[in-house]
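K.L.:
kindly generate the corresponding structure for this input.
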Amino acid sequence: MLILLLLALACHSESGRQPQAHPTVDRTGLDSLAGRTYGGTVILKGTSGVGGGWLLDPEVYGIAQMDYLGAPIVLLDTLVGQASDGQALWVVLDAMHVPARTASLVIKGGCRIGGKDDLGVLALVKQEQVEIYTDIRAAWRANLRSRRFEPVAPETVTCVNEGFGG
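P.N.:
Residues are numbered from 1 along each chain as shown. Presented below is the predicted three-dimensional model:
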């Protein structure tokens, strides 16, 4: 038994991979964003640095990354119309804190669960020069039925590195 434990520890330290804790959804201080409309020239008070996003369903839902009061967050939102300038208007359904981007850790979206594509999955990945990210530190999924983010077991998630080889 002791030999198996030592072997497992040796394999872990050789790979450099960190143990994966099951993530939680941290909504601390973000409840006031739910139900708020933004887009075009309408900015959510306290937000800055919109870091992009992606559509889950081209006509209804999206995920956006931005900073709120200086901390990185992601929003699950729904399209409600167009602003006078023609830009999309979104209503926030849910918001959660995500870890800050570092040189080696980034949030990626449109990942896979159990090998199946799922645009609602986002993950904190260790950025490496690989085609598929497998070193997933935390993962979440936008549940469109409940309209909330929920944690996902990181070991079930992989993400495509869109910049690989190019």
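K.L.:
which secondary element of this protein has the worst mean pLDDT?
P.N.:
When the helices and strands of the chain are scored by mean pLDDT, DSSP states H and E, helix 2-15 comes last with a mean of 32.
K.L.:
which residues sit in contact with Cys159?
P.N.:
108-112, 121, 123, 125, 132-133, 136 (C-beta atoms under 8 Å, 6 or more residues apart in numbering). In this view, the C-beta of every residue, glycine as well, is placed from N, C-alpha and C.
K.L.:
pLDDT score for it?
P.N.:
Per-residue confidence (pLDDT) for Cys159: 96.
K.L.:
and it, its phi and psi?
P.N.:
phi -140, psi 140 (degrees, to the nearest 10).
K.L.:
what is it paired to in the beta sheet?
P.N.:
Tyr133 (DSSP bridges).
K.L.:
would you quantify the distance from it to Val121?
P.N.:
From Cys159 across to Val121, the span is 8 Å (C-beta to C-beta, to the nearest Å).
K.L.:
bridged to the most centrally placed residue in the chain, which residues?
P.N.:
Closest residue to the average C-alpha location of the chain: Leu122 at 3.3 Å, with C-alpha atoms, centre = their mean. On the basis of DSSP bridges, Leu122 takes part in beta bridges with Gly109, Trp140.
K.L.:
contacting residues around it?
P.N.:
63, 74, 98, 107-111, 139-142.
K.L.:
one more: Pro151?
P.N.:
Pro151 neighbours (C-beta under 8 Å, 6+ apart): 22-25, 138-140.
K.L.:
host element of Ala142?
P.N.:
Assessed by DSSP states H and E, Ala142 sits inside strand 136-143.
K.L.:
buried sites along that strand?
P.N.:
Using 16 or more other C-beta atoms under 10 Å as the test for burial, strand 136-143 gives 136-142.
K.L.:
got CSV for the contacts of Leu122, with pLDDT and distance to Ser84 too?
P.N.:
Below are these laid out as CSV (pLDDT from 0 to 100; distance: C-beta to C-beta, whole Å):
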residue, pLDDT, distance to Ser84
Ile63, 94, 25
Val74, 95, 27
Val98, 94, 32
Ile107, 93, 32
Lys108, 93, 34
Gly109, 91, 29
Gly110, 81, 31
Cys111, 95, 36
Ala139, 96, 38
Trp140, 97, 34
Arg141, 96, 34
Ala142, 96, 29
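K.L.:
farthest-apart pair in the residues you listed, please.
P.N.:
The span of the contacts of Leu122, defined through C-beta to C-beta, is set by Val98 and Gly110 at 15.1 Å.
K.L.:
can I get the contacts of Leu122 in JSON lines with distance to Gly39?
P.N.:
Converted to JSON lines, the contacts of Leu122 look like this (distance: C-beta to C-beta, whole Å):
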{"residue": "Ile63", "distance to Gly39": "14"}
{"residue": "Val74", "distance to Gly39": "16"}
{"residue": "Val98", "distance to Gly39": "21"}
{"residue": "Ile107", "distance to Gly39": "21"}
{"residue": "Lys108", "distance to Gly39": "23"}
{"residue": "Gly109", "distance to Gly39": "19"}
{"residue": "Gly110", "distance to Gly39": "21"}
{"residue": "Cys111", "distance to Gly39": "25"}
{"residue": "Ala139", "distance to Gly39": "27"}
{"residue": "Trp140", "distance to Gly39": "23"}
{"residue": "Arg141", "distance to Gly39": "23"}
{"residue": "Ala142", "distance to Gly39": "18"}
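K.L.:
alright, I will stop here.
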